[in-house]
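Trainee: here is my input, please return the structure:
(one chain, ligands or ions: 1)
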Amino acid sequence: MAQAPPTTPGVVVGVDIGGTGTRLVAVDPSTRAVGERTTVATPRAGTPQELVDFLTAHVQRVSGGRRPLAVGVGASGPIDPDGTVRNPDTLPAFTGLPLRAVLSGLTPGPVVIDNDAVCAAVAEHAVGAAQGSPRSLHVTLGTGVGVCLLTGETPFRLHDGSHPEGGHIAVSVPTDPCYCGRRWCWEQGASRRALQRAAAAVLGRPPEDRGALSELAARAGRDDPVALGVYERYGEAVADGLGTLLALYGPATVVIGGSGSEHLEHYRRALERSLAAVRGWVPEHTVVGTRLDDHGGAIGAAHLALQGGVEAVRPRRRGAGSDGSTTADWGVSSARPAEGWSP
Ligand SMILES: [Zn+2]
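Mentor: From the prediction side, this is the model:
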């Protein structure tokens, strides 16, 4: 008697497109367990077709022959509500590419595109340091400063559904002028890049030398007063903008992520001391370092897709017919829920 062929369960794929690396994970939609994961170099250039081929190949590879039931994507910088990346500085090749339309050809389920800070925050709430927090603020200290506020698992949005660029807020400690237009901007003082440049300056190294950070940490471990001074000023710079966000939003949990979080032990005291100035009018909160590795953003992107997508950043319908059918810019039909798919 012939046996029915075994069914191949589907997966939800999370993709995190960073400036240098693109990370992908496959998540089991029932158990939420992370299966396959991979990291590949992000293309810096390419035709739209080459970028489509790149994404298609790696989504299929990480799916391991299983059906991608939904795809979530995180990318740095502004994301249009229609799912298009607008970040010519960090993601030049992908800027302007209608990612949602491209990827909806790979899955019958939802395709969710969001800012990488949102993905990191969702991952931290789902499986990391903010689990169970009623309101959590995720601050990514990397090349720039990314911020996302969650109430439960729901990200705070601007009225048009886009993600607020909370790293670009005015601060009271002088910084270099920012490309956002501010004279003194939090990102210019609190990014990991800012810490790196400060370390390089006192160590006599080139500004972009990442090795300066490990040497700074080693020196701080030996109580070198110059290194301790750099961390002291950095902690104050991080607190400068964070205090404003605490006063405005009152999160219960602050999670520090990005490569700047690797140095938290060195600037935590300065950070806490500076934040004491606002303690009188903000609720009790904890500041913790991330518990996730480099694939946290991809895991968060998969969880956003598991949530069924965030309605506010679903595609703006172009040429929608009376039956609600849509066609995106590239002529690719928008995604339809897969039969049997459940978030
Ligand atoms: Zn700025």
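
Trainee: quick one, phi/psi of residue 148?
Mentor: Torsion angles at residue 148 (phi, psi; degrees, to the nearest 10) stand at phi -140, psi 130.

Trainee: oh, I was asking about residue 186
Mentor: Dihedral angles (degrees, to the nearest 10) for residue 186: phi -60, psi -40.

Trainee: which pLDDT value belongs to it?
Mentor: Note for residue 186: predicted pLDDT of 98.

Trainee: tally of neighbours for it?
Mentor: As a burial measure, residue 186 scores 30 neighbours (other C-beta atoms under 10 Å). Glycine gets a C-beta too; all of them are placed from N, C-alpha and C.

Trainee: where does the closest residue to it other than its chain neighbours land in three-state SS?
Mentor: Closest residue in space to residue 186, ignoring its immediate chain neighbours: residue 241 at 3.3 Å, by C-beta to C-beta, 6 or more residues apart in numbering. When classified by DSSP: H, G, I helix; E, B strand; the rest coil, residue 241 comes out as helix.

Trainee: residue 241 and residue 307, how far apart?
Mentor: In this view, residue 241 and residue 307 are 28 Å apart by C-beta to C-beta, to the nearest Å.

Trainee: need the residues of the stretch 151-300 of the chain near the ion, please.
Mentor: With C-beta under 5 Å from the ion as the criterion, the stretch 151-300 of the chain meets the ion at residues 168, 178, 180, 182, 185, 187.

Trainee: who wins for most neighbours among these?
Mentor: Counting neighbours by other C-beta under 10 Å, residue 187 leads these with 27 neighbours.

Trainee: so what does residue 145 look like in phi/psi?
Mentor: phi -120, psi 120.

Trainee: what's the pLDDT at the closest residue to it other than its chain neighbours?
Mentor: Sequence neighbours aside, residue 167 is the residue nearest to residue 145 in space, at 3.1 Å (criterion: C-beta to C-beta, 6+ apart). Listed pLDDT for residue 167 reads 95.

Trainee: residue contacts, residue 167?
Mentor: By C-beta atoms under 8 Å, 6 or more residues apart in numbering, the contact set of residue 167 is 144-147, 186-187, 190-191, 241.

Trainee: for the stretch 101-250 of the chain, what spans make up the strands?
Mentor: For the stretch 101-250 of the chain, the strands defined by DSSP state E, counting those that start in this stretch cover 111-115, 135-141, 145-151, 154-155.

Trainee: helix or strand for residue 14, which one?
Mentor: strand 11-17 (DSSP states H and E).

Trainee: just checking: what are the partner strands of the next helix or strand after that strand?
Mentor: With elements assigned by DSSP H and E, the helix or strand that comes after strand 11-17 is strand 21-27. Each strand paired with strand 21-27, and its direction, by DSSP bridges: strand 11-17 (antiparallel), strand 34-41 (antiparallel).

Trainee: now the shortest one and strand 111-115, what's the angle there?
Mentor: Our comparison of strand 11-17 with strand 111-115, counting by axes from the mean of the first three to the mean of the last three C-alpha atoms, to 10 degrees, yields an angle of 30 degrees.

Trainee: also the last one?
Mentor: Angular relation of strand 34-41 and strand 111-115 on a 0 to 180 degree scale: 60 degrees, by the same axes, to 10 degrees.

Trainee: residues in contact with strand 34-41?
Mentor: Contact partners of strand 34-41, identified using C-beta under 8 Å, 6+ apart, comprise 11, 20-28, 58, 61-64, 294-295, 298-299, 302.

Trainee: one more time with 7 Å, if that's ok
Mentor: By C-beta atoms under 7 Å, 6 or more residues apart in numbering, the residues outside strand 34-41 that reach it are 11, 21-28, 58, 61-62, 64, 294-295, 299.

Trainee: export that strand as CSV, just CAs?
Mentor: Taking Å, rounded to 0.1, in the frame of the first residue of the first chain, the C-alpha atoms of strand 34-41 are listed here in CSV:
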residue,chain,number,x,y,z
VAL,A,34,15.4,29.3,14.8
GLY,A,35,16.8,26.7,12.3
GLU,A,36,19.1,27.5,9.5
ARG,A,37,21.1,30.8,9.6
THR,A,38,23.6,32.3,7.3
THR,A,39,25.6,35.5,6.7
VAL,A,40,26.6,36.7,3.3
ALA,A,41,28.3,39.9,2.1
